[in-house]
Every structure is written in C-alpha cells, then in structure tokens.
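Trainee: Sequence plus the predicted model coming up.
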Amino acid sequence: MSDYALNRVLYEHARAHKMPESIGPDEVAGYDLTPEERAALASADLDALFHLGANPYLIRRVFRRRFAL
C-alpha cells in the first residue's frame, strides 16, 4: 500500500490550517487507507504515523499542538 493517501490526509489538514487532536473516521472516509493508518490518525499516534510513511513535516504541521514547548 502506498503512503500517498496518508500524506494526502495530512496535507489537506495542514493546508486548511487545522490542528486536530486526532483525525476521525468521518474525515478519512474518502481515502484509501489501511486499518493501521486509520487507527494511527484516530489516536494521533505520531510514532506510528512516521513508521507508516507519513511525512515528518506534515505530521508536525498537523499535530503541532503536541510539539508546543
């Protein structure tokens, strides 16, 4: 499975300047994601997203509240 869909979800949220705590099933309904990718987005598991192929820049843009100093 390509990581394109996963990165596309993150890109769309980053572009819309959304900073969710997690990304639920309603927001990923139109994307071809694996169950693991859906679970990582729903739980905002940053480590799992990275290991599934998500772009680190997009992870940080979307979940930047988790990186606050």
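Mentor: Okay, I see it.
Trainee: Give me the three-state assignment for His17.
Mentor: coil (DSSP: H, G, I helix; E, B strand; the rest coil).
Trainee: likewise Arg8?
Mentor: Relying on three-state DSSP, one would call Arg8 helix.
Trainee: so who does it touch?
Mentor: By Cβ atoms under 8 Å, 6 or more residues apart in numbering, the contact list for Arg8 reads Tyr31. In this view, the C-beta of every residue, glycine as well, is placed from N, C-alpha and C.
Trainee: go on, the one 5 residues further on?
Mentor: In this structure, His13 makes contact with Pro20, Ile23, Glu27, Arg61, Val62, judged by Cβ under 8 Å, 6+ apart.
Trainee: Name the next helix or strand downstream of the helix or strand harbouring it, please.
Mentor: Per DSSP states H and E, His13 falls inside helix 4-15. Counting by DSSP H and E, the element after helix 4-15 in chain order, helix or strand, is helix 35-43.
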